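> give me a model of this one.
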Amino acid sequence: MTGSVLALVAVTGGGPERASLEALGLARGLATATGASLEVLVVATAADARSAAASLAGSGARTAIVVEHDGLTVDHPEGWAAAVAQIVEARGPAAVVGAGTDRGNELLARVAARMGLPFAANCLSVEPGGPVGPGEPGGPGGRYRLSRQRWAGSLIEDCWLDAPIRLMTVAPNSVPAGEPDGSAAPAIEAIGVTLSAADLALHVTGREAPERGRISLADAKVVVGGGRGVGSGEGFAALEELAGLLGGAVGGSRVVTSAGWRPHADQIGQTGLRIAPDVYIACGISGAIQHVVGCKAAKHILAINTDDEAPIMGVADYAVIGDLHVVVPAISAEIRRRSAARG
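Prediction:
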């Protein structure tokens, strides 16, 4: 089959990861715009893939491809690159769309190298049907016009992608996953692949799980971030209290993690994590561009800072000019008071 759009969907915790659902949303729009069919390749063991495929009802995908190979697990990056490349070669899709996570970018970069194809990472939008050459008409078989993040999001590039098969990833938290369209769950199609010993030689030997019960920064609806103004690791106790009252998570700027006040996993910014909460409360953070890149997808930003000319004020929706060591405990006290009043 040719002319389809193939979305790569990774599985975490037994279900499709959020970033993959966002990539699937863009792939569905691309398929609709070009009149192509939408297929999904589930990046998981066969058993997990079959289970996750059932949850893709409403995605518009007609087929969910499950890779079958006894030795292939999610911990084989070269194995998955070989498997995806074989399936792409066999199906001949017009485009392959994956999540712009570390793993998603790595996977499609390996696929691109194996297939000798260009690869556009961290896309924000895709417009199909551009002209193939000067003076030539556009159409579904023409080039794709892309807007994508470069330099970790500090630069937005508009470019053309022209290739027999377009390989792309979608920047996390930049494209809505899309509402269910009422379609049925995709039909499962199992495909066997041939992998060499070299394909399976490289594998992940272990993963460090987050603390149990802790809300992930990537998933939190409210994030309280701390910067140099917090003053010390101990100073984060007030931020932890506020985050706990709001059902949120705590993060920090690069200065904070470099000083050892918070682990690197809590870093928000260009070289850390990019978040998209409903509310981001930036406490004592100046707002260098590297940090803004990590929090600009938040729906609302509240800045608490003694400097009313700090760069963070340029992106904040609300601001409190004052000492965070006074303001944050006062907010927590008011939340507790109102909670008590409600009984």
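> helix, strand, or coil at the nearest residue to His264 once chain neighbours are set aside?
Once flanking residues are discounted, His264 sits nearest to Thr257: 5.0 Å by C-beta to C-beta, 6 or more residues apart in numbering. Any C-beta I mention is one placed from the backbone N, CA and C, and that applies to glycine too. Following DSSP: H, G, I helix; E, B strand; the rest coil, we place Thr257 in the helix state.
> for Thr257, give me its contacts.
Contacts for Thr257 (C-beta atoms under 8 Å, 6 or more residues apart in numbering) come out as 263-264, 266-267, 272.
> tell me where the model's unsure across the stretch 1-150 of the chain.
Residue ranges of the stretch 1-150 of the chain with pLDDT under 70: 1-2, 130-142.
> which residue lies nearest the spatial centre of this protein?
For the chain, the residue nearest the mean C-alpha position is Pro172 (2.6 Å; C-alpha atoms, centre = their mean).
> any idea how far that residue lies from Asn305?
27 Å (C-beta to C-beta, to the nearest Å).
> same question for Thr34.
47 Å.
> looking at the two, which one has more neighbours?
Counted by other C-beta atoms under 10 Å, Thr34 and Asn305 do not tie: Asn305 has more neighbours, with 26 against 19.
> the more buried one bridge partners, please.
Ile321 (DSSP bridges).
> where does it land on pLDDT?
According to the prediction, Asn305 has pLDDT 97.
> repeat for Gly272
Reading off the model, Gly272 has pLDDT 85.
> who's in contact with it?
Counting by C-beta under 8 Å, 6+ apart, the residues that Gly272 touches are 251, 254, 257, 264, 266, 294.
> among those residues, which are located in helices?
Secondary structure from DSSP state H places 254, 257, 294 of the contacts of Gly272 in helices.
> nearest to Leu38, of those residues?
Leu38 lies nearest to Gly294 out of the ones in helices among the contacts of Gly272, by C-beta to C-beta, at 31.2 Å.
> how close does the closest one get to Thr306?
22 Å.
> who has more neighbours, the two?
Remark: of Gly294 and Thr306, Gly294 carries more neighbours, 25 against 13, as counted by other C-beta under 10 Å.
> report the buried residues of stretch 166-178.
By 16 or more other C-beta atoms under 10 Å, the buried positions in stretch 166-178 come out as 166-175, 177-178.
> correction: stretch 190-203
193, 195, 199-200.
> quick one: these as JSON lines, columns for distance to His325, secondary structure and pLDDT too.
Converted to JSON lines, these look like this (distance: C-beta to C-beta, whole Å; DSSP: H, G, I helix; E, B strand; the rest coil; pLDDT from 0 to 100):
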{"residue": "Val193", "distance to His325": "58", "secondary structure": "coil", "pLDDT": "96"}
{"residue": "Leu195", "distance to His325": "57", "secondary structure": "coil", "pLDDT": "95"}
{"residue": "Asp199", "distance to His325": "55", "secondary structure": "helix", "pLDDT": "94"}
{"residue": "Leu200", "distance to His325": "54", "secondary structure": "helix", "pLDDT": "94"}
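> can I get the residues you listed in JSON lines with distance to Gly235?
Converted to JSON lines, these look like this (distance: C-beta to C-beta, whole Å):
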{"residue": "Val193", "distance to Gly235": "52"}
{"residue": "Leu195", "distance to Gly235": "51"}
{"residue": "Asp199", "distance to Gly235": "49"}
{"residue": "Leu200", "distance to Gly235": "48"}
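> could you identify the most distant pair in these?
Val193 and Leu200 (11.3 Å).
> overlap in contacts, these two.
Common neighbours of Val193 and Leu200 (criterion: C-beta under 8 Å, 6+ apart): Leu72.
> quick one, phi/psi of Met319?
Met isn't right for residue 319; it's Ala. Main-chain torsions, Ala319, degrees, to the nearest 10: phi -140, psi 140.
> my read is that it contacts Asp307, right?
No. Look at Ala319 against Asp307 with C-beta atoms under 8 Å: they stay out of range, at 10.3 Å.
> please list all residues in contact with the spatially closest residue to Ala243 that is not a sequence neighbour.
Excluding the flanking residues, the one nearest Ala243 by C-beta to C-beta, 6+ apart is Val224, at 4.4 Å. Counting by C-beta under 8 Å, 6+ apart, Val224 touches 239, 242-243, 246, 248-251, 281, 283.
> who is Val224 paired with across the strands?
Applying DSSP bridges, one finds that Val224 bridges with Val250, Ile281.
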